[in-house]
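Student: Sequence plus the predicted model coming up.
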Amino acid sequence: MRYDAVVVGAGPNGLASANKLADAGWSVLLLEAQTEVGGAVRSDRELDPEFVHDTFSAFYPLAASSRGLAAFGLEEHGLAWRHAPAVLGHPLPDGRWALLHRDRQVTARLMDEQHPGDGDAWLDLCAVWDRIGDPLVSALVSPFPPVRPGLSLLTRLRGAGGLDLVKTLLTPAMELGRRGFGGESAGLLVAGNAGHADLPLDAPGSGVFGLLLTMLGQTVGFPVPEGGAGRLSQALARRLESLGGEILCDSEVAHVVVEHGRAVGVITTDGRRYDAGRAVVADVSATRLFGGLVDAAHLPARVNRGMRDFQLDPGTVKVDWALDGTLPWASPPAHAPGTFHVADSVSEMTEALGQVAAGVIPARPFLLAGQMTTSDPTRSPAGTESLWAYTHVPQPDRTVRDAGEGGVRGVWDASDCERFADRMQARIERLAPGFGSRVRARRVLGPRELEARNANLVGGAINGGTAQLHQQLFLRPVPGLLGRPETGVPGLYLGSASAHPGGGVHGAPGLNAARAALLHHRLGRLNPRRR
């Protein structure tokens, strides 16, 4: 079978890329190894038939703010967004909450109640974001270098604080939330959001990432697809098929075919060959694409050399719970948040994430958690809660020791996963006494289970490679590719989270790969010698 483009991997990036190419009139085949589309954007009822749990990711501020995804009109294909009463909460052992509400006036009022003056400081920060937020987000997700959004950002920076603002954006997350604030709320929110990536909270770059997620929460919220995360992927799939695109699941790609120096198709594990007349887009991890799918002999030396130093982000342990009731908070929040973070302080967050970076399993892991029924009442019966929490852990092959007392070895077999899940559950129990008695079912997905369900999550790495500065922008995935989706093999494009701009459900790597393929095809038609 011959198509204009073959897209490997039906995660959000692969689906976005396939839709973009189909919009241009290309014939597109999308191949997925699993039994359904979605990659890390899927949901299921396997824990309890009455409960919908998102298997991997769950909240989508980046998707809601993505102009590329918005252009697809996914609401016409069944997507509906839902929001919790509050965006994000951070409970503290003394009963206080740091709370982010979609209404900035409410957020400011809550901050002011804890420390007079913090409310005005928050509104001032929001006003700065109003000026720079759109071009900053556009610059971060655009192909590198981001000329147009970059110029727009530079223009707006002058009126929003100039070099003082640049200095603020480069401030580490653990310090950024303290600037201009006397209370703890702003610092907890910014640092907690920075902790979604593997950026050290005391390193430059962590502050702007934490601020980005926090301000997206303030402006677009942390929405969820009604009915489960999988509804977002299904909407993308339905749209693709409405344009004539084809999707084949249970079709694992074993090899990218390169002939006369150009990618011309793929071969699946069952021996079928699918030819691509114009492009192959790979929504797969860089370690897999450059570690076997393409023969090393076909790759430029700079790519083979760069991949020797490619660094994955840490592993992940995710726990899902089906609760007979809502979370029994010792001190209920003023507004129920969809997401919440668990750490006693910014210092404790910093310690836990630092331990992970050093190969140590944290004794007091920093938790990122979601109350899905609070966000979307269709997820479980009334009066119950579909709950999850995840945390970062060292990659299985980089674990040095366990800082806790549970005897977790870091091999992440069933015993390790259950012991560590007990540790995570105990952290929530401290804040919500009686939580454990409401658990009717629990599922633990460790690094190995996550990778088995999605091959891109290598060792439980959810961001396609570290988000630290030495592997971002023009250094992602390797310096030789300059942050571009081109792979050094004509006709082959990297469109996964391993490519710039990295992890997160925004579709940008896939969209950037599709744009590059379309551009190269147009240039080839204008100048056949370039083909």
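Tutor: Nice, I can see it. Numbers count the residues shown, from 1 in each chain.
Student: what are the phi and psi values for Arg262?
Tutor: Main-chain dihedrals, Arg262, degrees, to the nearest 10: phi -130, psi 140.
Student: I'd guessed it sits against Gly488; true?
Tutor: No: Arg262 is not in contact with Gly488 according to CB atoms under 8 Å; the separation is 11.5 Å. Backbone N, C-alpha and C define where each C-beta goes, glycine included.
Student: Tell me which residues of stretch 203-223 come out buried.
Tutor: 205-223 (16 or more other CB atoms under 10 Å).
Student: that older thread, please say which of Arg262 and Gly488 ends up with more neighbours.
Tutor: When neighbours are counted by other CB atoms under 10 Å, Arg262 and Gly488 differ, and Gly488 comes out ahead with 19 against 15.
Student: Quick one: neighbours of the residue nearest to the more buried one when sequence neighbours are not counted, just the number.
Tutor: Using CB to CB, 6 or more residues apart in numbering and skipping residues adjacent in sequence, the residue nearest Gly488 is Pro300, 3.8 Å away. A total of 14 residues lie near Pro300 under the criterion other CB under 10 Å.
Student: And Pro300, how close does it get to Asp397?
Tutor: 27 Å (CB to CB, to the nearest Å).
Student: Tell me how far Pro509 lies from Ala297.
Tutor: Taking CB to CB, one finds Pro509 at 26 Å from Ala297.
Student: swap in Gly78?
Tutor: 45 Å.
Student: Name the residue in these two with the higher neighbour count.
Tutor: Between Gly78 and Ala297, counted using other CB under 10 Å, the more crowded position is Gly78 (15 against 7).
Student: That one touches Ala235, doesn't it?
Tutor: Yes: Gly78 is within contact range of Ala235, at 5.1 Å (criterion: CB under 8 Å).
Student: Show me the strands in the stretch 151-300 of the chain, by range?
Tutor: Using DSSP state E, counting those that start in this stretch, the strands of the stretch 151-300 of the chain run over 224-225, 246-248, 253-259, 262-268, 273-282.
Student: winner for burial among these?
Tutor: Most buried of the strands of the stretch 151-300 of the chain, by mean neighbour count (mean count of other CB atoms under 10 Å): strand 224-225, with a mean of 28.
Student: So what touches the helix or strand hosting Glu451?
Tutor: Secondary structure from DSSP states H and E places Glu451 in helix 447-453. Helix 447-453 has contacts (CB atoms under 8 Å, 6 or more residues apart in numbering) with 34, 55-56, 315-318, 393, 395-396, 412-413, 417, 445, 457-460, 462.
Student: what's the model's confidence in that helix, averaged?
Tutor: For helix 447-453, the mean per-residue pLDDT is 97.
Student: Leu519: how many residues sit nearby?
Tutor: For Leu519, the neighbour count with other CB under 10 Å is 11.
Student: and it, how far is that from Lys20?
Tutor: Shown here: Leu519 relative to Lys20, a distance of 12 Å by CB to CB.
Student: ok, now Gly488?
Tutor: Gly488 is 22 Å from Lys20, by CB to CB.
Student: pretty sure Gly205 is touching His470, no?
Tutor: No: under the criterion of CB under 8 Å, Gly205 is not in contact with His470, lying 10.0 Å apart.
Student: so what's the closest residue to Ile462 other than its chain neighbours bridging to?
Tutor: Using CB to CB, 6+ apart and skipping the chain neighbours, the partner closest in space to Ile462 is Thr316 (5.4 Å). Beta-bridge partners recorded for Thr316 (DSSP bridges): His392.
Student: likewise Leu88?
Tutor: If you apply DSSP bridges, the partners that Leu88 bridges to are Leu100, Thr339.
Student: check contacts around Trp329.
Tutor: Taking CB under 8 Å, 6+ apart, one finds Pro91, Leu431, Ala432 in contact with Trp329.
Student: From those residues, which land in strands?
Tutor: The strands, defined by DSSP state E, take in Pro91 from the contacts of Trp329.
Student: By neighbours, which of the contacts of Trp329 wins?
Tutor: Busiest of the contacts of Trp329 [other CB under 10 Å] is Pro91, holding 27 neighbours.
Student: Break the protein into its domains for me.
Tutor: Residue ranges for the domains of the chain, per automatic domain parsing: 2-79+228-310+464-530, 105-212, 312-453.
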